[in-house]
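Novice: Fold the following and give me the result.
(chains A and B)
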There are 2 protein chains.
Amino acid sequence: MMQLLGQSAYFQLTVFNSLARSAGIAPTLAARESLSRVAGNALATHQALAAEIRRVGGEPAEAMAPFAADLESFSRMTYGATWYESILGCYLTTGLLEDFFASLAAGLPHESRQRIVPIIRRTAGVASSADTAAIVHEITRGIAADSTLDSSLALWGRRLVGDTLLIARSALHVTGDLGSDESTLEPVFTEIIAAHTRRMDALGLTA
Amino acid sequence: MMQLLGQSAYFQLTVFNSLARSAGIAPTLAARESLSRVAGNALATHQALAAEIRRVGGEPAEAMAPFAADLESFSRMTYGATWYESILGCYLTTGLLEDFFASLAAGLPHESRQRIVPIIRRTAGVASSADTAAIVHEITRGIAADSTLDSSLALWGRRLVGDTLLIARSALHVTGDLGSDESTLEPVFTEIIAAHTRRMDALGLTA
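Specialist: Numbers count the residues shown, from 1 in each chain, chains lettered A, B, ... in the order given. This is a model prediction of the structure:
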């Protein structure tokens, strides 16, 4: 459980940084404000996870350390070449990994599950409807203004899903939370990819 | 008053971005966590100011727009060449400008003053004791580890105060809140610089 908390906490910290960076180079002041708010919510999720690590007797920096190198290179790899790729990257990887972490958390004992799942499936984070709406709004506005954007973002989304599932798989080897039995994993990944496809569809992008 | 709110709100947005960027390149995971928290508090102050703009019938993006260009170049100018310069820059310019904005707000009618001064002199922001402690801790740790750091940071602090007072003066011309009568301004600036000198002293730096 400590590994799941450490990995999710570090992931949210990298999402905070990517979103804050995207906010700083947003094309409009309104986009900058809304992206900053989304970044602040990722930070709040990180802080809630760090508080949970402390509550169960751990030290956040220590719990996160084993995941730092992999998640840093994942963050760099998924940052993208343009502002739209960056915010789409945050949105899609957050969606995929939050679904994945929530699946892992569902296998925890009742009391831990009751505490951790709502933090991961936060009501105020990137996965929340207001934050989703803010990012979807910016991307659909971008696509409307530039007819070539949708095909490049669709490609980018397909690449992200591969990189993200690799990070998810590597997590399993570290935590052992679900075992590495492919027959247990397969339905989890199928469900995660289906949710990803729905997110792409909602943006008008081919998954 | 709208100008004061717009300028302070935009300033806090740039502080949020600088701190988030500094957090992302922090030398330790503990420093990254604490800088992220300080960044989150700057964002919360920005959001409180934006909410106040809405409350008095304005639109944050509109109220902030006149100050964007000046504050962006100020932010770039005060970002510094090293991580220590960046966090010292955020700390000192925030201290100076929050003192300055609070002086301007003190000249507002009673009800506005009662609402706005506590937001500017926030209890949970960079100016708060926990956030100050986090930044002071990192800088004193850096100085202890590198004996040449204090003289370069002292120089940097002196340069910042000049740039920051220029931004403060330019604000007066836009807002007209205090008038441009030098005899009214002089005591305000004297007090602001005295507080700055105390912050430098507390870091063991010659102001």
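Novice: any idea whether the closest residue to chain B within chain A is helix, strand or coil?
Specialist: Using Cβ to the nearest Cβ, residue A:20 is the residue of chain A that sits closest to chain B, at 3.4 Å. Just so you know, the C-beta spots here come from the backbone N, C-alpha and C atoms, and that holds for glycine as well. Assigned with DSSP: H, G, I helix; E, B strand; the rest coil, residue A:20 falls in the helix class.
Novice: Tell me the pLDDT of the closest residue to it other than its chain neighbours.
Specialist: Leaving aside its chain neighbours, residue A:20 sits nearest to residue B:20 (3.4 Å; criterion: Cβ to Cβ, 6 or more residues apart in numbering or on different chains). Looking at residue B:20, its pLDDT is 95.
Novice: Check which helix or strand residue A:27 maps to.
Specialist: Using DSSP states H and E, residue A:27 maps to neither a helix nor a strand.
Novice: Now it. Nearest residue, chain neighbours left out?
Specialist: The spatial neighbour of residue A:27 that comes closest, neighbours along the chain excluded (Cβ to Cβ, 6+ apart), is residue A:83 at 6.7 Å.
Novice: Show me the helices in chain A, by range?
Specialist: Per DSSP state H, chain A carries helices over the ranges A:2-24, A:29-55, A:60-77, A:83-106, A:110-120, A:129-145, A:149-175, A:182-202.
Novice: With mean neighbour count and distance to residue B:96 added, can I get those in TSV?
Specialist: As requested, the helices of chain A are exported to TSV (neighbours: other Cβ atoms under 10 Å in any protein chain shown; distance: least, Cβ to Cβ, whole Å):
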stretch	mean neighbour count	distance to residue B:96
helix A:2-24	25	22
helix A:29-55	22	23
helix A:60-77	18	32
helix A:83-106	23	32
helix A:110-120	16	38
helix A:129-145	17	33
helix A:149-175	17	42
helix A:182-202	14	44
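Novice: In JSON lines, list those helices along with distance to residue B:75.
Specialist: Converted to JSON lines, the helices of chain A look like this (distance: least, Cβ to Cβ, whole Å):
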{"stretch": "helix A:2-24", "distance to residue B:75": "9"}
{"stretch": "helix A:29-55", "distance to residue B:75": "13"}
{"stretch": "helix A:60-77", "distance to residue B:75": "23"}
{"stretch": "helix A:83-106", "distance to residue B:75": "18"}
{"stretch": "helix A:110-120", "distance to residue B:75": "33"}
{"stretch": "helix A:129-145", "distance to residue B:75": "22"}
{"stretch": "helix A:149-175", "distance to residue B:75": "29"}
{"stretch": "helix A:182-202", "distance to residue B:75": "34"}
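Novice: Where does pLDDT dip in chain A?
Specialist: A:123-128, A:173-183 (pLDDT under 70).
Novice: how about the residues of it that lie near chain B?
Specialist: A:13, A:16-17, A:20-21, A:23-24, A:28-30, A:32-33, A:36-37, A:39-40, A:43-44, A:46-47, A:50, A:60-61, A:64-65, A:68 (Cβ under 8 Å from any Cβ of the partner chain).
Novice: wait, what's in contact with the residue lying closest to residue A:23 once chain neighbours are set aside?
Specialist: Distances taken as Cβ to Cβ, 6+ apart put residue A:35 closest to residue A:23, at 3.8 Å, once the chain neighbours are dropped. By Cβ atoms under 8 Å, 6 or more residues apart in numbering or on different chains, the contact set of residue A:35 is A:19, A:22-23, A:26, A:87, A:134-135, A:138.
Novice: what residue lies at the spatial centre of chain A?
Specialist: residue A:94 (1.4 Å; Cα atoms, centre = their mean).
Novice: Make sure it is actually in contact with residue A:16.
Specialist: No: applying Cβ atoms under 8 Å, one finds residue A:94 not in contact with residue A:16, separated by 10.7 Å.
Novice: can you list residues touching both of these two?
Specialist: residue A:42.
Novice: mind listing what residue A:150 touches?
Specialist: By Cβ under 8 Å, 6+ apart, the contact set of residue A:150 is A:143, A:204-205.
Novice: just residue A:149 next, same as before
Specialist: A:84, A:142-143.
Novice: Could you report the separation of it from residue A:141?
Specialist: As for residue A:149, its distance to residue A:141 is 10 Å (criterion: Cβ to Cβ, to the nearest Å).
Novice: Repeat that for residue A:189.
Specialist: 32 Å.
Novice: now swap in residue A:14 and tell me
Specialist: Going from residue A:14 to residue A:141 by Cβ to Cβ gives 26 Å.
Novice: gap between stretch A:102-120 and the chain center?
Specialist: Offset of stretch A:102-120 from its chain centre (Cα atoms, centre = their mean, to the nearest Å): 17 Å.
Novice: how long is it from one end to the other?
Specialist: Start and end residues of stretch A:102-120 are separated by 6 Å (Cα to Cα, to the nearest Å).
Novice: And the contacts of stretch A:164-175?
Specialist: A:3-4, A:7, A:66-67, A:70-71, A:74, A:78, A:92-93, A:96-97, A:100, A:104, A:178-180, A:185, A:189, A:192-193.
Novice: how far out from the middle of the chain is stretch A:25-40?
Specialist: Relative to its chain's centre, stretch A:25-40 lies at 18 Å (Cα atoms, centre = their mean).
Novice: Let me know the closest of the contacts of residue A:150 to residue A:117.
Specialist: residue A:205 (28.4 Å; Cβ to Cβ).
Novice: Please name the residues that touch the closest one.
Specialist: A:150, A:153-154, A:157.
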